[in-house]
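> just coords:
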């Protein structure tokens, strides 16, 4: 679509497909995640459940701590910057992070504008609740999309809602007559050329993962059955009773999401899942950030 | 004829799309029972070799695939796949299939910011679009391994009998000539 670096960045996301990206807060956790079969790790100081509990302003993690994780593992390392925080993004690029997540999990730094991701060499992944949000982020230069879900809840309902909505809208656009796309682009507030790509190809122009509230192998399999190309697991692993075992089970569940007997075996004896909170109990709705 | 694609993790769908363009049927290998299918060649796709290597063992596929490669099953490996075939990894004690006489360094070019794209020759085929994504490097080959491509003095593709390995991804663009080269090995 655009320049060579952007293509390379979209291609890295293709290499992550069928995999699980895990939130980690220490080099030790990163190693556990890698050994359990994570295809990448997200380095952050506090996992979303703890960000939620702590309240206040949450920011980019200490670059020193991120570097420690980069040194601990051989798989790609991602890190989060606040929505619209150009300087945090530049700092993460400077430490050669493999992917930046411009994330609604952190407190937004800009309540109007997202980072101009086309101005960067490093790739970005962004959250989206529907096709409009996804194509707006891609237009800004995102090389990968994930559903927002509702992070740190252990409740998969919003991730399901966002994936279903995205796919419903993709099917609707695919079935439109060519001359209806102009009006659809206007309604969705997205560029015509990106909408035309969706119309012609029946999918987003970049890889689309599920994120937000995945806590069990069954949750991960559910998101794959709904069309996710891979899964982010945030608080679900290191807030559970036996992180290494749960992480490994989620990895296998993503690869064999249609083998229900295997899913049954994988779901046995995993210890306690993260407790979770449901949307009616939470005050802070992160999915509404950055639309 | 059917080509099997190791579908544990990575860009296996992109490989299948290349063979679809050539009207060659493919099947996915996600677990042990998938190995009972009839196939004439095997693709080891790009992705994370740590994940693929772990799942090959834990899903009990490793001990079936390895002897078949040793017995002559044609195999094409890209990027992570070349790490699975290498008899030695530099800076890493792990060995996966270890069926190919090459020594490979993982992430030899650096992190994602060092990923790059070139057009270069492969076994006499000119202007092949090659994407190197956090690519490994083939640093040494034993005698009998034929070098098919190099870029700036670094070996990027090799063949040893029934095994073809490359550190780049020919499957990401419109390129079908590398897949056709592989089909001629069958």
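Nice, I can see it. Just so you know, these numbers come straight off a predicted model, no measurement behind them.

> Give me the below-cutoff pLDDT ranges for the stretch 1-150 of chain A.
Where the stretch 1-150 of chain A drops to pLDDT under 70, the residues are A:1-2.

> What parts of it come near chain B?
Within the stretch 1-150 of chain A, the positions adjacent to chain B are A:4, A:7-9, A:11-12, A:14-19, A:34-35, A:37-40, A:70, A:74-76, A:93, A:96-99, A:121-123 by C-beta under 8 Å from any C-beta of the partner chain. In short, each C-beta sits where N, CA and C put it, glycine included.

> Now intersect the residues you listed with the helices, please.
If you go by DSSP state H, those have A:4, A:7-9, A:11-12, A:14-16, A:34-35, A:70, A:93 in helices.

> Residue A:152 reaches residue A:49, doesn't it?
Yes - at 4.0 Å, residue A:152 and residue A:49 qualify as touching, with contact defined as C-beta atoms under 8 Å.

> rewinding a little: just the buried ones out of the ones in helices among the residues of the stretch 1-150 of chain A next to chain B, please.
A:7-9, A:11-12, A:14-16, A:34, A:70, A:93 (16 or more other C-beta atoms under 10 Å in any protein chain shown).

> Mind telling me the two of the residues you listed farthest from one another?
Maximum pairwise distance among these (C-beta to C-beta): 27.0 Å, between A:7 and A:34.

> ok now stretch A:8-26, how far from the chain's centre?
On the basis of C-alpha atoms, centre = their mean, to the nearest Å, stretch A:8-26 sits 9 Å off its chain's mean C-alpha point.

> er, stretch A:135-152 I mean
With C-alpha atoms, centre = their mean as the basis, stretch A:135-152 stands 7 Å off its chain's centre.

> Over to stretch A:98-108?
Chain-centre distance of stretch A:98-108: 9 Å, with C-alpha atoms, centre = their mean.

> and what of stretch B:111-125?
That offset, for stretch B:111-125, works out to 15 Å (C-alpha atoms, centre = their mean).

> buried residues in that stretch?
B:111-113, B:115-117, B:120, B:122, B:125.

> Let me know the closest of the residues you listed to residue B:11.
Closest approach to residue B:11 among the buried residues of stretch B:111-125 (C-beta to C-beta): residue B:115, at 13.9 Å.

> residues contacting the closest one?
Contact partners of residue B:115, counting by C-beta atoms under 8 Å, 6 or more residues apart in numbering or on different chains, are A:8, A:11-12, B:109, B:131-135.

> Return the member of these nearest to residue A:205.
Closest approach between these and residue A:205, by C-beta to C-beta: residue A:11, at 12.5 Å.

> surely the closest one meets residue B:133?
Yes - using C-beta under 8 Å, residue A:11 is in contact with residue B:133, at 5.2 Å.

> Name the residues contacting each of the two.
Common neighbours of residue A:11 and residue B:133 (criterion: C-beta under 8 Å, 6+ apart): B:115, B:169.

> what's the spacing between the residue of chain B most remote from its centre and residue B:155?
Here chain B reaches farthest from its C-alpha mean at residue B:113, the gap being 22.6 Å by C-alpha atoms, centre = their mean. Using C-beta to C-beta, to the nearest Å, residue B:113 is found at 23 Å from residue B:155.

> ok, now residue B:48?
From residue B:48 across to residue B:155, the span is 22 Å (C-beta to C-beta).

> For residue A:242, which non-adjacent residue is closest in space?
Sequence neighbours aside, residue A:271 is the residue nearest to residue A:242 in space, at 3.9 Å (criterion: C-beta to C-beta, 6 or more residues apart in numbering or on different chains).

> Tell me how many other residues crowd the one you found.
10 (other C-beta atoms under 10 Å in any protein chain shown).

> returning to that earlier point: from memory the residue farthest from the centre of chain B sits against residue A:120, does it?
No - counting by C-beta under 8 Å, residue B:113 stays clear of residue A:120, with 10.0 Å between them.

> which residues does residue 20 contact?
Answering for chain A, as no chain was given. With the criterion set at C-beta under 8 Å, 6+ apart, residue A:20 makes contact with A:37-39, A:220, A:230-233, A:247, A:250-251, A:254.

> that's the wrong chain, I meant chain B
Contacts for residue B:20 (C-beta under 8 Å, 6+ apart) come out as residue B:26.

> the strands in chain B, which residues?
Secondary structure of chain B by DSSP state E: the strands cover B:3-6, B:26-29, B:41-44, B:75-78, B:86-90, B:100-105, B:116-122, B:125-132, B:137-141, B:146-151, B:154-160, B:163-166.

> Could I get these in JSON lines, plus columns for mean pLDDT and distance to residue A:108?
Shown next, in JSON lines, are these (pLDDT from 0 to 100; distance: least, C-beta to C-beta, whole Å):
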{"stretch": "strand B:3-6", "mean pLDDT": "98", "distance to residue A:108": "41"}
{"stretch": "strand B:26-29", "mean pLDDT": "98", "distance to residue A:108": "41"}
{"stretch": "strand B:41-44", "mean pLDDT": "98", "distance to residue A:108": "42"}
{"stretch": "strand B:75-78", "mean pLDDT": "98", "distance to residue A:108": "40"}
{"stretch": "strand B:86-90", "mean pLDDT": "97", "distance to residue A:108": "43"}
{"stretch": "strand B:100-105", "mean pLDDT": "98", "distance to residue A:108": "41"}
{"stretch": "strand B:116-122", "mean pLDDT": "96", "distance to residue A:108": "34"}
{"stretch": "strand B:125-132", "mean pLDDT": "96", "distance to residue A:108": "34"}
{"stretch": "strand B:137-141", "mean pLDDT": "97", "distance to residue A:108": "41"}
{"stretch": "strand B:146-151", "mean pLDDT": "98", "distance to residue A:108": "43"}
{"stretch": "strand B:154-160", "mean pLDDT": "97", "distance to residue A:108": "43"}
{"stretch": "strand B:163-166", "mean pLDDT": "98", "distance to residue A:108": "43"}
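
> Distance to residue A:65 for those strands - can I get that in a markdown table?
Formatted as a markdown table, the strands of chain B follow (distance: least, C-beta to C-beta, whole Å):
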| stretch | distance to residue A:65 |
| --- | --- |
| strand B:3-6 | 35 |
| strand B:26-29 | 39 |
| strand B:41-44 | 35 |
| strand B:75-78 | 34 |
| strand B:86-90 | 28 |
| strand B:100-105 | 27 |
| strand B:116-122 | 29 |
| strand B:125-132 | 29 |
| strand B:137-141 | 30 |
| strand B:146-151 | 36 |
| strand B:154-160 | 33 |
| strand B:163-166 | 36 |
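
> Nearest to residue A:64, out of those strands?
With C-beta to C-beta as the criterion, residue A:64 lies closest to strand B:100-105 of these, at 26.8 Å.
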